[in-house]
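*Asks:* Sequence unavailable; structure follows:
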């Protein structure tokens, strides 16, 4: 874990129930909920949770409606949503973060996506990017959104400044931000004003071009952690001021 309001190295929090990768996570003020993603040798539908104030290992939460990895995730303080994933799918699932149990169907994305990145305001959730289908891998720059407390299919919001996937994302209560990504690998950071619709605008640049990074934020600061900077993975964390 790390304290977003300060700078410094992360410290060990605990352990997941199973070793996995390509997962995704949502959180309320008290609880973190995460999908395992790829649990060798297969994709998983398993969901785990932690109580944020307590150091320790995770516990079983329930299951997604569909096993997948490389999925996007977003939340407000009550509801968690997981969207897309690999095998390529347009499925959107949701759950009440304060409970445990099986996820329910929320609706569908406009297009199947995987390695997509999500952000949210208290009312709206957004996802963008897609690594595309083999063998063509036709990535996208489109941004879709849902109203978190309802159910239904996603709606087109606008476009990122370029087609990419494997981004890190974060948000304040008003801005959604996507950073880095691949196709090609980039240092570009985009942002949107979440209460409107329209295309993303250039925010600035990361300190290096990299992909497969992950983001987290409070209302003031966004932090991007890990990722792949050719020719190796990185454990560096970088931050921005969201406003």
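*Replies:* The structure has been received and is ready for your questions. Just so we're clear, the structure is a prediction, and the values are computed from it rather than from any experiment. Numbers count the residues shown, from 1 in each chain.
*Asks:* Buried residues in stretch 130-143, which are they?
*Replies:* Buried positions in stretch 130-143, judged by neighbour count with 16 or more other Cβ atoms under 10 Å: 130-132, 139-143. All C-beta atoms are positioned from the backbone trio N, CA, C, and that covers glycine.
*Asks:* I'd like to know which of those is nearest to residue 94.
*Replies:* residue 143 (19.2 Å; Cβ to Cβ).
*Asks:* Partner strands of the strand ranked longest in the chain and their direction?
*Replies:* Ranked by residue count and defined by DSSP state E, the top strand of the chain is strand 104-113. Using DSSP bridges, strand 104-113 pairs in its sheet with strand 89-96 (antiparallel).
*Asks:* pLDDT check: weakest of the buried residues of stretch 130-143?
*Replies:* Across those, the bottom pLDDT score, 83, is held by residue 132.
*Asks:* Mind listing what's buried along the longest strand of the chain?
*Replies:* Along strand 104-113, these residues count as buried under the neighbour rule (16+ other Cβ under 10 Å): 106-109, 111-113.
*Asks:* swap in stretch 229-236?
*Replies:* For stretch 229-236, burial by neighbour count (16+ other Cβ under 10 Å) applies to residue 229.
*Asks:* Please enumerate residues in contact with that stretch?
*Replies:* Residues outside stretch 229-236 that contact it (Cβ atoms under 8 Å, 6 or more residues apart in numbering): 185, 208-210, 225-228.
*Asks:* distance between it and the chain's centre?
*Replies:* With Cα atoms, centre = their mean, to the nearest Å as the basis, stretch 229-236 stands 19 Å off its chain's centre.
*Asks:* follow-up on the earlier one: taking the contacts of stretch 229-236, tell me the two that lie furthest apart.
*Replies:* Spatial extent of the contacts of stretch 229-236 (Cβ to Cβ) is set by the pair 185 and 225 at 17.1 Å.
*Asks:* For the protein, give me the ranges with low pLDDT.
*Replies:* Filtered on pLDDT under 70, the chain yields the residue ranges 134-136.
*Asks:* repeat that for 80
*Replies:* Where the chain drops to pLDDT under 80, the residues are 133-137.
*Asks:* Show me where it has its helices.
*Replies:* With helices called from DSSP state H, the chain shows none.
*Asks:* so which of the buried residues of strand 104-113 comes closest to residue 57?
*Replies:* Taking the buried residues of strand 104-113 together and measuring to residue 57 by Cβ to Cβ, the closest member is residue 106, at 28.7 Å.
*Asks:* give the contact list for that closest one.
*Replies:* Taking Cβ under 8 Å, 6+ apart, we find residue 106 in contact with 81, 92-94, 146, 151-152.
*Asks:* try 6 Å
*Replies:* 92, 94, 151 (Cβ atoms under 6 Å, 6 or more residues apart in numbering).
*Asks:* Put the buried members of those into a PyMOL selection.
*Replies:* Applying 16+ other Cβ under 10 Å to the contacts of residue 106, the buried members can be selected in PyMOL as follows:
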select buried, resi 92+94
